[in-house]
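**Student:** I'd like to go over a predicted model; first the sequence, then the structure.
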Amino acid sequence: MSLSQQLLRKKKVETLLEQSASKEGALKKSLSAFDLTMLGIGAIVGTGIFVLTGVAAAEHAGPALVLSFVLSALACVFAALCYAEFASTVPVSGSAYTYSYTAFGELVAWMIGWDLILEYGVAAAAVASGWSGYAQGLLTGFGIHLPTAITSAFDASKGTIIDLPAVVIIFVITMLLMKGTRESARFNALMVIIKVVVILLFLAVGIGYVKPENWSPFMPFGFSGVATGAATVFFAFIGFDAVSTAAEEVRNPQRDMPIGIIASLLICTVLYIAVSLTLTGIVPYEMLNVKNPVAFALSYVQQDWVAGFISLGAIVGITTVLLVMMYGQARLFFAMSRDGLLPKVFSQVHEQTQVPRKSTLIVGILVAIFSGLLPLNKLAELTNIGTLFAFILVSIGVVVLRNTNPDLRRSFRVPLVPLVPILAVIFCGYLVYSLPLVTKLGFLGWLVVGFFVYFLYGRRHSHLHKEATKNR
């Protein structure tokens with residue numbers, strides 16, 4: 001077998017389905033369509049709505065932030081349809097990594113898996129940083145002030161060393177995830193209901209303080225600012241990608257996966273548009289560059305009692321995002337390890353809980369290090385480009401798999417193929433183009449590192465490689 005044949009060897013869909021159905025090392029099937037929708041809302045509504053709305057409005061889009069959310073949502077809707085087809089066709093852990101293995105082959109699958117490691121890990125770290133900001137704001141309301149050194153990521157000019165609250169919440173979530181998927185899903189559903197109620201409270205109170213003059217100028221940074229804002233707040237929409245990592249733990253994945261992905265995206269898009277309009281209507285956009293913009297907006301109009309509820313709701317909401325991101329990261333490691341591309345420790349399943357406990361613990365440690373030491377804005381930008389790259393490959397993969405495996409059972413089919421996948425690629429590609437050059441270079445550097453890791457470890461330990469060697 002030539003080197004190019006080795007790098008492009010694909011996993012058969014039938015093999016993946018047999019693997020997921022196997023009792024040995026299997027994950028427990030305990031999730032429903034409702035659980036998936038709650039997971040999606042849990043992952044989507046959080047840091048994006050409670051934290052990044054302020055930064056994106058102040059630095060990039062102004063009141064036209066609502067257009068940034070619409071632009072991001074369009075990219076996501078097209079990509080979400082492609083994810084839904086893959087998730088109903090190949091209901092196996094691993095998300096875009098697994099889909100790429102069937103459509104493009106091992107090297108591309110590894111690179112997208114390496115990319116998703118960045119996406120989920122860095123996203124969780126960024127979310128933990130946002131959680132810390134709201135938690136500290138709530139403590140300040142009770143007159144409790146933490147020592148400066150432990151309030152934020154390392155910054156010698158500000159005297160900060162580590163974001164200790166972020167590290168603490170990560171370890172709490174890690175312990176919860178290690179208890180079991182069903183328990184984590186129930187906790188997530190409860191938290192999602194609380195944060196949606198809090199968002200509706202913000203809209204109900206805030207709408208009375210909206211001043212239309214705050215929406216003028218509507219587009220102070222031009223359309224390029226709207227596009228950069230869209231690329232920034234795109235971070236807010238990555239949750240439905242995490243939903244697809246749960247495929248192997250869903251009772252009826254062919255029916256429930258498309259419902260969970262599409263329903264959660266539509267619900268969250270409506271909430272984002274409503275919040276961004278209300279937020280920029282209450283407070284002049286240039287004042288929103290704060291860590292807790294939604295609570296700040298209500299404090300700005302002397303509604304401190306509601307601001308307190310918002311801070312509490314934000315803490316709850318961001319907690320669910322953290323839970324789903326770390327869940328997705330552990331399931332990604334599980335899928336890559338099961339294929340031999342990562343060490344075996346990541347795919348070991350606990351006999352009683354039927355979850356990859358060791359993988360979850362390692363994820364918790366890595367995310368704690370990132371969140372404690374790296375600043376929020378850099379984390380969010382790196383996550384965005386990783387997510388967009390995954391969306392582009394999944395969208396192309398739908399077209400490829402339609403041609404190479406036309407007879408596969410597809411419970412959900414993307415309409416208007418190849419138009420919808422092409423639109424997903426165009427929208428996501430434009431958002432990648434709109435990101436800062438330093439973010440693109442950082443991402444390219446990450447992929448180069450991944451390329452070397454594959455040739456030094458993954459290629460030699462791949463189960464497909466071992467099978468091919470055995471059959472010579």
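**Tutor:** Structure received.

**Student:** quick one: contacts for residue 268?
**Tutor:** Shown in contact with residue 268 (C-beta atoms under 8 Å, 6 or more residues apart in numbering): 40-41, 44-45, 236-237, 239. For the C-beta atoms, the positions are set from N, CA and C on the backbone; glycine is no exception.

**Student:** for the closest residue to residue 410 other than its chain neighbours, give me phi and psi.
**Tutor:** Leaving aside its chain neighbours, residue 410 sits nearest to residue 89 (5.0 Å; criterion: C-beta to C-beta, 6 or more residues apart in numbering). Dihedral angles of residue 89 (phi, psi; degrees, to the nearest 10) stand at phi -90, psi -40.

**Student:** can you give me the helices in the stretch 251-400 of the chain?
**Tutor:** Secondary structure of the stretch 251-400 of the chain (DSSP state H, counting those that start in this stretch): helices at 253-282, 293-300, 304-338, 357-373, 376-404.

**Student:** closest to residue 106 out of those helices?
**Tutor:** Comparing the helices of the stretch 251-400 of the chain against residue 106 with C-beta to C-beta, the closest turns out to be helix 304-338 (11.0 Å).

**Student:** name the helices or strands packed onto that closest one?
**Tutor:** With contacts taken as 3 or more C-beta pairs under 8 Å, 6 or more residues apart in numbering; DSSP states H and E, helix 304-338 sits against helix 33-44, helix 96-103, helix 106-141, helix 164-179, helix 181-206, helix 239-244, helix 293-300, helix 357-373.

**Student:** how much space between the closest residue in space to residue 361 that isn't next to it in sequence and residue 325?
**Tutor:** With sequence-adjacent residues excluded and distances taken as C-beta to C-beta, 6+ apart, residue 361 is closest to residue 174, at 6.3 Å. According to C-beta to C-beta, to the nearest Å, residue 174 and residue 325 sit 12 Å apart.

**Student:** can you check residue 312 too?
**Tutor:** Taken as C-beta to C-beta, the span from residue 312 to residue 325 is 21 Å.

**Student:** same check, this time on residue 431
**Tutor:** Residue 431 is 20 Å from residue 325, by C-beta to C-beta.

**Student:** so these two - more neighbours on which side?
**Tutor:** residue 325 (33 against 24; other C-beta atoms under 10 Å).

**Student:** circling back to that earlier point, deepest of the helices of the stretch 251-400 of the chain, which one?
**Tutor:** Highest mean neighbour count of those: helix 304-338, a mean of 26 (counted as mean count of other C-beta atoms under 10 Å).

**Student:** got the phi and psi for the residue nearest to residue 29 when sequence neighbours are not counted?
**Tutor:** Of all residues not flanking residue 29 in the chain, residue 251 sits nearest, at 5.2 Å (C-beta to C-beta, 6+ apart). Per-residue torsions, residue 251: phi -70, psi -40 (degrees, to the nearest 10).

**Student:** looking at it, residue 251 is touching residue 31, isn't it?
**Tutor:** Yes. Counting by C-beta atoms under 8 Å, residue 251 touches residue 31, with 6.6 Å between them.

**Student:** ok, the two, which is more surrounded?
**Tutor:** Comparing residue 251 with residue 31 by other C-beta under 10 Å, the one with more neighbours is residue 31, at 25 against 12.

**Student:** grab the nearest non-local neighbour of the more buried one.
**Tutor:** In space, residue 31 is closest to residue 250, 4.7 Å off (C-beta to C-beta, 6+ apart).

**Student:** how close does that neighbour get to residue 181?
**Tutor:** Using C-beta to C-beta, one gets 10 Å for the distance from residue 250 to residue 181.

**Student:** quickly list what's touching both of the two.
**Tutor:** residue 31.

**Student:** tell me how far residue 296 lies from residue 57.
**Tutor:** 12 Å.

**Student:** so how far is residue 264 from residue 77?
**Tutor:** Residue 77 sits 12 Å away from residue 264 when distances are taken as C-beta to C-beta.

**Student:** pLDDT of stretch 183-200, averaged?
**Tutor:** Average pLDDT, stretch 183-200: 85.

**Student:** in it, what's buried?
**Tutor:** Along stretch 183-200, these residues count as buried under the neighbour rule (16 or more other C-beta atoms under 10 Å): 184-185, 187-189, 191-192, 194-196, 198-199.

**Student:** pick out whichever of those sits closest to residue 81.
**Tutor:** residue 192 (23.1 Å).

**Student:** wait, isn't the closest one in contact with residue 40?
**Tutor:** No. Judged on C-beta under 8 Å, residue 192 makes no contact with residue 40 at a distance of 9.3 Å.

**Student:** can you tell which of the helices of the stretch 251-400 of the chain is closest to residue 85?
**Tutor:** Across the helices of the stretch 251-400 of the chain, closest to residue 85 is helix 376-404 (C-beta to C-beta), at 5.6 Å.
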